[in-house]
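K.L.:
fold the following for me, if possible:
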Amino acid sequence: MNMKFDMGAETLSNLTKQTSGSSEDLGTLVKKLVVAADPLMKKHAGAAKSAFDGFKGRVDEVASELNAALAAVLGGIAGMDTAFTQGEGEMVDNTTSADSGAGYDAARFGASRA
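P.N.:
This next block holds a predicted model:
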């Protein structure tokens, strides 16, 4: 199986922009889940209710941890974007430098060679 990875110069920047709002949204969704499930859990008893109550008691902590984890991922993406952009710039500079020092005159054929 062949896999192709093609990344444009703006891919990581776009990913960061598209994902940055999601870090806060994720924690909010966890809190909304608890609120939405609460009426259902009031009808249950035993281990399921105990587990839900434990989760409900830690929902702020869980939401914070999820937000922090996604923020760390976004930080990693930003670092990769910086490295990719710098690497691309260095490659362009090196290619330009090598090209300017190349002697193409020796490769010319014909009468116009002087």
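K.L.:
drop to CA atoms for contacts and neighbour counts, all remaining ones
P.N.:
Will do.
K.L.:
what about K56, how many residues nearby?
P.N.:
Residues within reach of K56, counting by other CA atoms under 10 Å, total 19.
K.L.:
okay, it and S13: tell me how far apart.
P.N.:
Distance, K56 to S13, by CA to CA, to the nearest Å: 36 Å.
K.L.:
tell me the SS of A45?
P.N.:
Going by DSSP: H, G, I helix; E, B strand; the rest coil, the secondary structure assigned to A45 is coil.
K.L.:
find the centremost residue of the chain, please.
P.N.:
Compute the mean C-alpha point of the chain, and by CA atoms, centre = their mean the closest residue is I77, 4.3 Å away.
K.L.:
do you know how far it is from A71?
P.N.:
Distance from I77 to A71, by CA to CA: 10 Å.
K.L.:
what's the answer for D60, then?
P.N.:
16 Å.
K.L.:
between the two, who's got more neighbours?
P.N.:
Neighbour count, other CA under 10 Å: between D60 and A71, A71 has more, with 18 against 15.
K.L.:
can you tell me the helix or strand for the more buried one?
P.N.:
Using DSSP states H and E, A71 sits within helix 59-100.
K.L.:
off-centre distance for that helix?
P.N.:
8 Å (CA atoms, centre = their mean, to the nearest Å).
K.L.:
and that helix, what's its mean pLDDT?
P.N.:
Average pLDDT, helix 59-100: 84.
K.L.:
quick check: which helices or strands does it pack against?
P.N.:
If you count contacts as 3 or more CA pairs under 8 Å, 6 or more residues apart in numbering; DSSP states H and E, helix 59-100 packs onto helix 11-20, helix 22-41.
K.L.:
of those helices, which is nearest D81?
P.N.:
Nearest to D81 among the helices and strands packed on helix 59-100 is helix 11-20; the distance by CA to CA comes to 5.4 Å.
K.L.:
for that closest one, name the packing helices and strands.
P.N.:
By 3+ CA pairs under 8 Å, 6+ apart, helix 11-20 packs against helix 59-100.
K.L.:
now the angle from the helix it packs on to helix 22-41?
P.N.:
Helix 59-100 and helix 22-41 are oriented at 150 degrees to each other (axes from the mean of the first three to the mean of the last three CA atoms, to 10 degrees).
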